[in-house]
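Peer 1: Here's my sequence, what's the structure:
(chains A and B)
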Protein chains: 2
Amino acid sequence: MSTTYETLAEHFRKLSRLEHAMTYLSWDQMVVMPEQGVSRRSDAMAELAAIHHDLLTADELGAQFAKASAEANDETAVSIREMKRVWSQATCLPAELVRAKIKAGSRCEHGWRTQRHANDWSGFLENFTEVLELGREEARLRQAADAEAFATPYDAMLDLHCCGDSKALIDSVFQRLRDELPGLITEVVAKQKKRSLLEMTGHFETDVQQQLNHQLMRSLGFDFDAGRLDESMHPFSTGEAGDLRITTRFTDDGFLDAMLATAHETGHASYEGGLPQAWQGLPVGGYRNMCIHESQSLLFEKQIFLSRAFMSYVTPQVTAAFPQMASHSAENLWHLATRVEPGFIRVDADEVTYPLHVLLRYEIESDLINGDLEARDIPDCWNEKMQSYLGLSTDGNYSDGCLQDIHWTDGAFGYFPSYTLGAVNGAQIFACIKQQHPDWQERLAEGDVVFIRQWLQEKIWSQASLLESQPLMVAATGQETSPESYLVHLRARYLEDSY
Amino acid sequence: MSTTYETLAEHFRKLSRLEHAMTYLSWDQMVVMPEQGVSRRSDAMAELAAIHHDLLTADELGAQFAKASAEANDETAVSIREMKRVWSQATCLPAELVRAKIKAGSRCEHGWRTQRHANDWSGFLENFTEVLELGREEARLRQAADAEAFATPYDAMLDLHCCGDSKALIDSVFQRLRDELPGLITEVVAKQKKRSLLEMTGHFETDVQQQLNHQLMRSLGFDFDAGRLDESMHPFSTGEAGDLRITTRFTDDGFLDAMLATAHETGHASYEGGLPQAWQGLPVGGYRNMCIHESQSLLFEKQIFLSRAFMSYVTPQVTAAFPQMASHSAENLWHLATRVEPGFIRVDADEVTYPLHVLLRYEIESDLINGDLEARDIPDCWNEKMQSYLGLSTDGNYSDGCLQDIHWTDGAFGYFPSYTLGAVNGAQIFACIKQQHPDWQERLAEGDVVFIRQWLQEKIWSQASLLESQPLMVAATGQETSPESYLVHLRARYLEDSY
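Peer 2: Residues are numbered from 1 along each chain as shown, chains lettered A, B, ... in the order given. Below is the predicted model:
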């Protein structure tokens, strides 16, 4: 008996098999492919993407969705909702716009790679103006495809990365952070100034770091029969259950950044690995959105790895690996790992200042897309906000200001908020876990994270995309995304030194 | 202006982009993929293969080939010939037969993995009988698709791997080897018995071997911006120009096998890397056949690496890498690397006994496919030929006899001859190079292989599939594939100790 639903489901499973191919070919390109492989690889990836797009936008799907929806029961309705979201996102743009976007985005990104270092804002603006125009057109069309769901054009862009989390929700969470963080940062910086720390010195061999990071992943519950750790320019996580691939980056003057990245990517990989096998290949079986995905990585990185308790578990491993660390106490290491300092660069920011980098970008990009700001006004707006949020001027310094990120260059608007919604969700989820496991610090000090993984498996990973993001947060934590746990966490860690 | 030819060509370029995806996903599976990735990977590979098959057997191609052939000029006719060969090979079998073949082959191969070690011929025979029946049906249909081209059903199977080289040609080459080799082997073994050699001892670290093999590849002209070396269970070469991937296998009790495999696979990769870029993605731009491909790998392995001259170049690198080799002269190393001994196992055989392993398989498989031998008679036939060719009995010993190879388990009949035609072609090609470069030994002793690469680039690699295999051999060497250079080479190296 092949129902219309089953026909649709098999169609999406087929799409997922093409996505599998693209996923691992991308990994290959970023981790092992030699330099001269790039041109043929690009052609092959474009071919797979075209085949995927043709299948996803096949004429018959519209009628099949209508028929399947009419026949749907409680079980299939949710799966159909998620298939339809993917299908609508792919079909609501005309092919010419998609092509124009890829062309303009690729030119802008290519130019940016040199313009960034040359501090060349006007060169960038020339390319970016077209990217923004096409982005606005895209947002308008996406909004028009479901005007009931999307209050503004920017909401329709959010749907691509933060689906279920509206601009209105984000505004209210971010408003509270905007009110609280600048004052908090001043207090933390003043407090940290009074400490005297033992700094790291010497050389940290990559192969020893590699072993240390493997050990960390095992402690965090990673199964090496179902995944691997490699090295790449920028750390990332990809793959699917059974074959989870994470990367980190080693430098020889320290080991903390690599371990933080490894913990972070292990969180992403754990979520993917915990998605229900029964729905594999179906959109309903995929991760909820990037705000939930990032909540898992930041929970592993900030809540577990950076906790005083887990750091005391890790320290003996570190001192065993690197003799020059013998004189460092767990306490000192924890202080080194939790330094707060306002800076220009988002990716280098600590967890206290990071949200302000995101707020700034969110405010600018939502205004850009909704037509309340023009591209030429970005640098002034950036400078003004940096001064107000972090007390730093980027006047005339585009390299360390509005040219630092790749996201906008190819039109990826609506992604930035997921970083901070992830941090906020992660803190909120971890607050529940702590409440339900009052001995959490003793357990982490012994390297036991099983109780955390079980909680996440039950409440988040196994739920995949069954619920929309806010109902998922309510079911897991009792409330919608709220900044309070995050603020409590920052005060406890950075002002009270309590964990 | 899009001619019918250009439409066809673009269709085949599209196919080649899917082949690119499958190529690197296979590499991934064999080199880096964790254990639990296998099930999803198999699904994705099957999906890509199905999409590829649908495109290759698309209804409109028949009419397009007819139209393109009618419009063809000298330049396009050859390209059409090669596209048509690929298309005919894919379309001449009904889908049910292909499915039955995959199913029976997969069952037989799966069973073989345990039956081989259990010496279980009768268990194997049960599965293999169906594989052979389907193989005969396949050969009959392939022959019927072009009865003029294929004198016997087995010729039609040869077309898949050794296209252009007929059973009649192979029979005449192999007859001469059958007459000469058994006697030659007896002489060589008697001669080698009189030598006293210094044996290798100690432990050979993998990471040092890795560096040594990288060094060897560089000496042989491999460009690491356009390829890589990795480790896998069985050495292989894959990929395409710009991204050539070879693997080798390290053991810690010696380094010669790994270096021989590396030299061999570097030969395969050099051929692929030297194919003309202008025809990339078109069948006419691909390697000619496996007999030519294997001639390149064996030329690099046997003619270059195993030569006395090149071994004298390599020896100082070996002694620098492994202190325990300090007491080994280049001469001693060369003798160790060129030992001849009749044995049961094809893949362990030296270059003098190897062809007899192939002859035996060729005689059996051609008789099986052409209906002159039944599956149940294989063990007796094998034993008889092993006794006659190599003086070894496999009576009751199936594991080291007819169960040792994977090829027949999934119906790959017609592949074996390419190993020995490759060795013969390689010796014939190298004989020409030696004749045109009388100082070849001095050059190899300095690690200079540029003159060889240039010759091969001009006469073989750049020719891709422009000519059929025998016209290619004639254009390059002045004659069709002939065993004489190979026999001269064996006598010179193994009886006269001359290179």
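
Peer 1: Once you drop chain neighbours, what's closest to residue A:269?
Peer 2: The shortest distance from residue A:269 to any non-neighbouring residue, by C-beta to C-beta, 6 or more residues apart in numbering or on different chains, is to residue A:244 (4.1 Å). (Glycine included, C-beta is placed from N, CA and C.)

Peer 1: I'd assumed that neighbour was in a strand, is it?
Peer 2: Yes - counting by DSSP: H, G, I helix; E, B strand; the rest coil, residue A:244 is located in a strand.

Peer 1: Who does it form a beta bridge with?
Peer 2: Beta bridges link residue A:244 to residue A:227, residue A:239 when assigned by DSSP bridges.

Peer 1: Report pLDDT for it.
Peer 2: Predicted confidence (pLDDT) for residue A:244: 98.

Peer 1: go on, residue A:357?
Peer 2: 98.

Peer 1: now residue A:2
Peer 2: At residue A:2, the pLDDT recorded in the model is 67.

Peer 1: Contacts only, for the residue nearest to residue A:269.
Peer 2: A:222, A:226, A:227, A:228, A:237, A:238, A:269, A:272, A:273 (C-beta atoms under 8 Å, 6 or more residues apart in numbering or on different chains).

Peer 1: swap in residue A:280?
Peer 2: A:13, A:16, A:240, A:241, B:40.

Peer 1: Select from those residues every entry located in helices.
Peer 2: A:13, A:16, B:40 (DSSP state H).

Peer 1: Please identify which helix or strand holds the residue nearest to the spatial centre of chain A.
Peer 2: In chain A, the C-alpha nearest the mean C-alpha coordinate belongs to residue A:294, at 4.3 Å (C-alpha atoms, centre = their mean). For residue A:294, the element it lies in under DSSP states H and E is helix A:290-298.

Peer 1: Dump the contacts of residue A:280 to TSV, plus pLDDT, distance to residue B:130 and neighbour count.
Peer 2: TSV is the format used below for these (pLDDT from 0 to 100; distance: C-beta to C-beta, whole Å; neighbours: other C-beta atoms under 10 Å in any protein chain shown):
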residue	pLDDT	distance to residue B:130	neighbour count
A:13	98	30	16
A:16	98	33	22
A:240	97	35	23
A:241	97	35	20
B:40	95	29	20
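
Peer 1: wait, which of those is closest to residue A:443?
Peer 2: residue A:241 (25.7 Å; C-beta to C-beta).

Peer 1: ok, for that closest one, nearest residue in space, not its chain neighbours?
Peer 2: residue A:273 (4.9 Å).

Peer 1: how big is the angle separating the helix or strand where the one you found lies from helix A:290-298?
Peer 2: Assigned by DSSP H and E, residue A:273 belongs to helix A:256-274. With axes from the mean of the first three to the mean of the last three C-alpha atoms, to 10 degrees applied, the angle from helix A:256-274 to helix A:290-298 works out at 130 degrees.

Peer 1: for the helix holding residue A:294, what is the average pLDDT?
Peer 2: On average, helix A:290-298 scores 98.

Peer 1: Show me what the helix or strand following it is packed against.
Peer 2: From helix A:290-298 onward toward the C-terminus, using DSSP H and E, the following helix or strand is helix A:308-321. Contact partners of helix A:308-321 among helices and strands, from 3 or more C-beta pairs under 8 Å, 6 or more residues apart in numbering or on different chains; DSSP states H and E: helix A:206-219, helix A:330-337, helix A:440-445.

Peer 1: any chance of those in a markdown table, plus distance to chain B and mean neighbour count?
Peer 2: As requested, the helices and strands packed on helix A:308-321 are arranged in a markdown table below (distance: least, C-beta to the nearest C-beta, whole Å; neighbours: other C-beta atoms under 10 Å in any protein chain shown):
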| stretch | distance to chain B | mean neighbour count |
| --- | --- | --- |
| helix A:206-219 | 10 | 17 |
| helix A:330-337 | 30 | 18 |
| helix A:440-445 | 27 | 18 |
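
Peer 1: if we can go back for a sec, can I get the helix holding residue A:273 in PDB? Just the C-alpha atoms.
Peer 2: Taking Å, rounded to 0.1, in the frame of the first residue of the first chain, the C-alpha atoms of helix A:256-274 are listed here in PDB:
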ATOM      1  CA  LEU A 256      42.500  25.900  24.800                       C
ATOM      2  CA  ASP A 257      41.100  27.200  21.600                       C
ATOM      3  CA  ALA A 258      41.300  23.800  19.900                       C
ATOM      4  CA  MET A 259      39.600  22.100  22.900                       C
ATOM      5  CA  LEU A 260      36.800  24.700  23.000                       C
ATOM      6  CA  ALA A 261      36.200  24.200  19.300                       C
ATOM      7  CA  THR A 262      36.200  20.400  19.700                       C
ATOM      8  CA  ALA A 263      33.800  20.600  22.600                       C
ATOM      9  CA  HIS A 264      31.600  22.900  20.600                       C
ATOM     10  CA  GLU A 265      31.500  20.700  17.500                       C
ATOM     11  CA  THR A 266      31.000  17.600  19.600                       C
ATOM     12  CA  GLY A 267      27.800  19.300  20.800                       C
ATOM     13  CA  HIS A 268      26.600  19.800  17.200                       C
ATOM     14  CA  ALA A 269      27.600  16.200  16.400                       C
ATOM     15  CA  SER A 270      25.800  14.800  19.400                       C
ATOM     16  CA  TYR A 271      22.500  16.400  18.400                       C
ATOM     17  CA  GLU A 272      22.800  15.000  14.800                       C
ATOM     18  CA  GLY A 273      23.800  11.600  16.200                       C
ATOM     19  CA  GLY A 274      20.800  11.600  18.600                       C
END
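
Peer 1: what's the spacing between it and its chain's center?
Peer 2: 11 Å (C-alpha atoms, centre = their mean, to the nearest Å).

Peer 1: Walk me through the domains of chain A.
Peer 2: A:1-91, A:100-499 (automatic domain parsing).

Peer 1: got a list of what residue A:101 touches?
Peer 2: Contacts of residue A:101 (C-beta under 8 Å, 6+ apart): A:131, A:134, A:135, A:138, A:411.

Peer 1: May I ask which two of these are separated the most?
Peer 2: So, the contacts of residue A:101 by C-beta to C-beta: farthest apart are A:131 and A:138, at 10.2 Å.

Peer 1: okay, and the common contacts of those two?
Peer 2: The contact sets of residue A:131 and residue A:138 overlap at A:101, A:411 (C-beta under 8 Å, 6+ apart).

Peer 1: Count the residues that sit near residue A:365.
Peer 2: Neighbourhood size, residue A:365 [other C-beta atoms under 10 Å in any protein chain shown]: 24.

Peer 1: so what's it scoring on pLDDT?
Peer 2: As predicted, residue A:365 sits at a pLDDT of 98.

Peer 1: how near is the closest residue to it other than its chain neighbours to residue A:423?
Peer 2: Excluding the flanking residues, the one nearest residue A:365 by C-beta to C-beta, 6+ apart is residue A:413, at 5.0 Å. Distance of residue A:413 to residue A:423, computed by C-beta to C-beta, to the nearest Å: 20 Å.

Peer 1: For the strand or helix carrying residue A:424, buried residues please.
Peer 2: Secondary-structure assignment from DSSP H and E places residue A:424 in helix A:417-436. For helix A:417-436, burial by neighbour count (16 or more other C-beta atoms under 10 Å in any protein chain shown) applies to A:417-434.
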